[in-house]
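Chemist: Provided below are the primary sequence and the corresponding predicted coordinates.
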Amino acid sequence: MFLSACALFAPDGTVGTVTSGDWLVRRIVGVDEAARRVVFTAAGREPGSDLSVQELCSVSLDGGEITTITSDGLDHDPRPSRSGRYFVDVTSRVDVPAVSVLRDATGEVGQELERADASALYAAGWSPPERVVVKAADGVTDISCAVYRPRDFDPAAAYPVLDEIYPGPQVSTTPVRFPLSGGPLTAERHAAAFAALGFVVVAVDARGTAMRERTFRNHARLGGDGDFVDDHVAAIRQLARTRPWMDLDRVGIYGHSGGGYASTRCLLQAPGFYKVAVSSAGDHDDRI
């Protein structure tokens, strides 16, 4: 279970908790003191929803029933004005280009501002990754993955697999939003390019990566027990069960900085699974 808690400070210095439950509060968008309401983003409130996707909600400063402002399955990246009277909401998903709308302090849409045109990207042969939820190595915890298929994909063929890894706790790896549409920083950088060269590329948000509950993030020990290695191996094996075009006899891994450390550790800890690792600027001696 993971609990949400949106706590606000009163002028007298007291702290009040206005939300709770088995979901996450991700971001405070604005507080309307006159109306005594707070607008915020939440993830995982709807059963079966993507735990990385932010929806807009509001609640009274006195607590009580939460009002759902959006439930469209898109990730909402709100940018409030200085006055707090309005905010720009840039919505997107990994397979949906960005749409920007202007909302007032209650979250009501005033007008659409801009709609991204991705036709040239598609015309160049790009296709969005598939977001998939599998189980971590513990067999219990849900972890998210992104699978990039090669250009000119043939389901009857067998393709080598590349794992792009970054185990740091400050960002996630799998993209939630369409390229260049804003939102939280993700560590995946080169998957689409390698897919264009004929690889299946996989990104995995193993235990310890960002935007999840406390128990999930407690696994974020770069120099620690290496849970991320087992999670990556378990995730790729699960993906391949229903994707026979993933050739698990040809699995490589690469990463930069913390990902450079992680790619080398994966090769050393799971040499029977990974055949090659490329480590760029790996921080191999953390001693933290």
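Modeler: Ah, there it is.

Chemist: what are the ranges of the helices in this structure?
Modeler: For the chain, applying DSSP state H gives helices covering 119-123, 191-196, 214-217, 227-241, 258-269.

Chemist: how does the protein divide into domains?
Modeler: What automatic domain parsing lists as the domains of the chain is 7-115, 121-280.

Chemist: Report pLDDT for R243.
Modeler: Looking at R243, its pLDDT is 98.

Chemist: Show me what the closest residue to it other than its chain neighbours bridges to in the sheet.
Modeler: Here the nearest residue to R243 in space, its sequence neighbours aside, is V147; by Cβ to Cβ, 6 or more residues apart in numbering that works out to 7.3 Å. Quick note: C-beta positions are derived from backbone N, CA and C, even for glycine. In this entry, V147 is beta-bridged to E130, V202, by DSSP bridges.

Chemist: where does this protein have its least confident helix or strand?
Modeler: Every helix and strand of the chain was ranked by mean pLDDT, DSSP states H and E. The lowest is strand 7-9, at a mean of 60.

Chemist: ok, of the helices of the chain, where does mean pLDDT dip lowest?
Modeler: helix 214-217 (a mean of 84).

Chemist: Figure out how far that one is from the centre of its chain.
Modeler: 15 Å (Cα atoms, centre = their mean, to the nearest Å).

Chemist: Do you have the strands of the stretch 151-288 of the chain handy? List them.
Modeler: 159-164, 200-204, 246-256, 276-280 (DSSP state E, counting those that start in this stretch).

Chemist: Pick the most deeply packed of these.
Modeler: strand 200-204 (a mean of 28; mean count of other Cβ atoms under 10 Å).

Chemist: Which strands and helices lie in contact with it?
Modeler: When contacts are defined as 3 or more Cβ pairs under 8 Å, 6 or more residues apart in numbering; DSSP states H and E, strand 200-204 sits against strand 142-148, strand 159-164, helix 191-196, helix 227-241.

Chemist: Can you tell me which of those is nearest to P175?
Modeler: strand 142-148 (6.0 Å; Cβ to Cβ).

Chemist: for the stretch 151-288 of the chain, which spans come out with low pLDDT?
Modeler: 221-225, 288 (pLDDT under 70).

Chemist: ok, now with 50
Modeler: 223 (pLDDT under 50).

Chemist: next one: stretch 81-99 to chain centre, how far?
Modeler: Its chain's C-alpha centre and that of stretch 81-99 lie 17 Å apart, by Cα atoms, centre = their mean.

Chemist: Ends of it, what's the gap?
Modeler: Separation of the first and last residues of stretch 81-99 by Cα to Cα, to the nearest Å is 18 Å.

Chemist: Now do it, average pLDDT.
Modeler: The model assigns stretch 81-99 a mean pLDDT of 95.

Chemist: so which of the domains of the chain gets nearest R287?
Modeler: domain 121-280 (6.5 Å).

Chemist: that older thread, TSV please, covering the helices and strands packed on strand 200-204 and showing distance to G64.
Modeler: Converted to TSV, those look like this (distance: least, Cβ to Cβ, whole Å):
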stretch	distance to G64
strand 142-148	30
strand 159-164	44
helix 191-196	43
helix 227-241	38
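
Chemist: So which of the ones you listed is nearest V176?
Modeler: Here strand 142-148 is closest among these (Cβ to Cβ), at 8.5 Å.
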